[in-house]
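Engineer: Here is the input, now give the coordinates:
(one chain, ligands or ions: 2)
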Amino acid sequence: MNRSDALAEAFLAELSVTDDSHPNTYHAISDVARDVLTVEKNDPAWSAARVLRRLSDPDRILSFRVTWEDDNGDVRVNRGWRVQGSNAIGPYKGGLRFHPSVNEDVLRFLAFEQCFKNALTGLPLGGAKGGANLDPRGLSEREIMRFCQAFMAQLEPFVGPDQDVPAGDINVGAREIGYLFGAWRQRRGLYQGSLTGKGLSYGGSEMRIEATGFGLVYFVQAALAEQGHDIKGKRVAISGKGNVATHAALKATEEGARVISLSDTSGTLVAPDGMSPDLIRWVQERKARGEDLSDPPKSDAAQFREGEVPWDLEPDIALPCATQNELDASMARTLIDGQVEMVAEGANMPLTSDAARVLRHAHVVHLPGKAANAGGVAVSGLEMSQMSQRRFASAEDVDASLRSIMADIHARVSEEGRGTGEIDYVRGANLAGYRRLAKAISAQGIL
Ligand code: NDP
Ligand code: 2IT
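Structural biologist: Residues are numbered from 1 along each chain as shown. Ligands and ions are numbered 1, 2, ... in the order given. Below is the predicted model of the structure:
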């Protein structure tokens, strides 16, 4: 065992979370521990402050019952959470997810990752994540509204522009943010930027909807440029059909790539010659209506493959944009057999630990989500500034800022990850995020 693995092992043994009790949290923390503990050990102030130990335990976990009434007049009960990771560098910030798979472990790992991601943006944003174990499929518009109001009735005292600023994530988009913001301002009696991802008519930012997917493509372009390559003509396989996946698809297509897939839990839509923007917009409409991707328009030579994932399509670039642990070691091997050059994470932690190891051994460039998908929260940060100033920027200006933030993140991460050979982006992102957090945490005393 090398020194960093030994340090990580001893460190992990001390935590209250284990691989059995909190598999996702344990996975996220161990990956970071392996990369940063040697650096922490070598800095007396950071080591004394026990920076990573503190970051591994969120500041607080709020857990609450959400009671609401469905259209039949029946009372429904769900569990909601907000995990506030750290506010050492700015107010707590991160999305809300409504999905039956949501539990404390999932939200703890997401809040932990968010602290590092937000540090990488260079903006004053702490880290948090929240959500509920709600399955919104089949719920009516009014049921969604009542659920959001009931959720915010519980969370309102903990949310505010200098306190904690939630945003969207899986199944929480512009519609849900509207209901959540309405409920917050009515309860608090203040008109402030307490959530991001708001509509343009009530304090939202241009480009926030597009930001994560567009930022992912900008990051991929920066990494390709580093190797003297270009995205033009590359075959790009994307999983997911939501906000991140479809906006990455639109931007990659605009930049000259061939997007050969989008997917959902029921299967994969495959377009061997590349998707047209119209086909991608058709996917967005289907998603908005809660429908699957079977029977695509005949005009686009695309077929739906039920129950399949897109990783056997021999892409040059793979963009997992659906959910955590969606890509395992055998899928990683399939990608390698198909000569994949780069895997960039639009989703948070979409690769299992084994999949990441397989890619590393095969020297495939792996761009981790905490860097590659940071464009969404970065534009959320810009939305917060615009709301405070009551001055809103044009789409062109926000897009230019997003491009420059992604280029800055790439520069920071590649500098940290540049060893003697190829750039290790995973290590680079962990170290660059850690350093910013460590400086702030060690300077602010024992808290
Ligand atoms: P959306 O709700 O817009 O879309 C999620 C999509 O992923 C759904 O269509 C869902 O399919 C699909 N999906 C879920 N699980 C799987 C699976 N196992 N295989 C294939 N498809 C699946 O969510 P977002 O696009 O916002 O989020 C996607 C990922 O990106 C998440 O990991 C999120 O944390 C991350 N992310 C999001 C950001 C944002 O700004 N929104 C920012 C940074 C990261 P179905 O319709 O069948 O349920
Ligand atoms: O995972 C993420 O970065 C998000 N869901 C966006 C968070 C935000 O606050 O915009």
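Engineer: Give me the residues contacting stretch 261-270.
Structural biologist: Residues outside stretch 261-270 that contact it (C-beta atoms under 8 Å, 6 or more residues apart in numbering): 237-241, 245-246, 249, 260, 271, 275, 280, 283, 287, 292-294, 296, 302-310, 313, 315, 322. Where you see a C-beta, it was placed from the backbone N, CA and C, and this is true even at glycine.
Engineer: Start and end of that stretch, how far apart?
Structural biologist: 5 Å (C-alpha to C-alpha, to the nearest Å).
Engineer: Report the buried residues of that stretch.
Structural biologist: Within stretch 261-270, the residues that count as buried by 16 or more other C-beta atoms under 10 Å are 261-264, 267-270.
Engineer: So that stretch, near ligand 1 or not?
Structural biologist: Yes. Under the criterion of C-beta under 6 Å from any ligand atom, ligand 1 is reached by stretch 261-270 at 263-266.
Engineer: before we move on, the earlier item: out of the contacts of stretch 261-270, which end up buried?
Structural biologist: 237-241, 245-246, 249, 260, 271, 275, 280, 283, 287, 293, 296, 302, 304-305, 309-310, 313, 315, 322.
Engineer: Intersect those residues with the contacts of ligand 1.
Structural biologist: Okay, of these touching ligand 1 (C-beta under 6 Å from any ligand atom), that's 239-241, 245, 287, 322.
Engineer: State the pair within these that is farthest apart.
Structural biologist: In terms of C-beta to C-beta, these reach their longest pairwise distance at Ser239 and Lys287, which sit 13.4 Å apart.
Engineer: Now the closest residue to Thr246 other than its chain neighbours: phi and psi?
Structural biologist: The shortest distance from Thr246 to any non-neighbouring residue, by C-beta to C-beta, 6 or more residues apart in numbering, is to Gln284 (5.1 Å). Dihedral pair for Gln284: phi -60, psi -40, per degrees, to the nearest 10.
Engineer: what sits against Arg436?
Structural biologist: 89, 119-120.
Engineer: Mind telling me what element it is part of?
Structural biologist: If you go by DSSP states H and E, Arg436 is part of helix 425-443.
Engineer: repeat for Ser47
Structural biologist: Here Ser47 is assigned to helix 44-49, by DSSP H and E.
Engineer: For the helix or strand just after that helix, output the C-alpha coordinates as CSV.
Structural biologist: Going down the chain from helix 44-49, the next helix or strand is helix 51-55, by DSSP H and E. Coordinates of each C-alpha in helix 51-55 appear next as CSV, following Å, rounded to 0.1, in the frame of the first residue of the first chain:
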residue,chain,number,x,y,z
VAL,A,51,-9.6,20.2,7.3
LEU,A,52,-10.7,17.1,5.6
ARG,A,53,-12.1,15.5,8.8
ARG,A,54,-14.3,18.6,9.2
LEU,A,55,-15.4,18.6,5.6
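Engineer: which residues touch helix 51-55?
Structural biologist: 11, 14, 32-33, 36-37, 40, 85-86, 112, 115, 434, 437-438, 441-442.
Engineer: average pLDDT for it?
Structural biologist: Averaging pLDDT along helix 51-55 gives 98.
Engineer: quick one: buried residues of it?
Structural biologist: By neighbour count, with 16+ other C-beta under 10 Å as the criterion, the buried positions of helix 51-55 are 51-52, 54-55.
Engineer: Which SSE is immediately downstream of it?
Structural biologist: strand 60-69.
Engineer: List the buried residues in that following strand.
Structural biologist: Buried residues in strand 60-69, counted by 16+ other C-beta under 10 Å: 61-62, 64, 66, 68.
Engineer: That strand pairs with which strands?
Structural biologist: Applying DSSP bridges, strand 60-69 is found paired with strand 75-86 (antiparallel).
Engineer: Run the angle between the partner strand and helix 425-443 for me.
Structural biologist: 80 degrees (axes from the mean of the first three to the mean of the last three C-alpha atoms, to 10 degrees).
Engineer: Strand 75-86 vs ligand 1: in contact?
Structural biologist: No. Counting by C-beta under 6 Å from any ligand atom, no contacts exist between strand 75-86 and ligand 1, the nearest distance being 13.5 Å.
Engineer: Next SSE downstream of that strand?
Structural biologist: strand 92-98.
Engineer: Count residues in the vicinity of Thr323, would you?
Structural biologist: 19 (other C-beta atoms under 10 Å).
Engineer: Against Asp273, how distant is it?
Structural biologist: 28 Å (C-beta to C-beta, to the nearest Å).
Engineer: And for the residue in the stretch 51-200 of the chain that ligand 1 sits nearest to, the neighbour number?
Structural biologist: Proximity of the stretch 51-200 of the chain to ligand 1 (C-beta to the nearest ligand atom) peaks at Ile170, 4.1 Å away. By the criterion of other C-beta under 10 Å, Ile170 has 23 neighbours.
Engineer: Pull up the per-residue confidence for it.
Structural biologist: 98.
Engineer: Okay, the nearest residue to Gln444 once chain neighbours are set aside and Asp424: tell me how far apart.
Structural biologist: Spatially, and ignoring its direct neighbours in sequence, Gln444 is nearest to Ala88 (6.3 Å; C-beta to C-beta, 6+ apart). Applying C-beta to C-beta, the value for Ala88 to Asp424 is 26 Å.
Engineer: more crowded one of the two?
Structural biologist: More neighbours surround Ala88 than the other of Ala88 and Asp424, with 23 against 20 (other C-beta under 10 Å).
Engineer: Cool, thanks, signing off.
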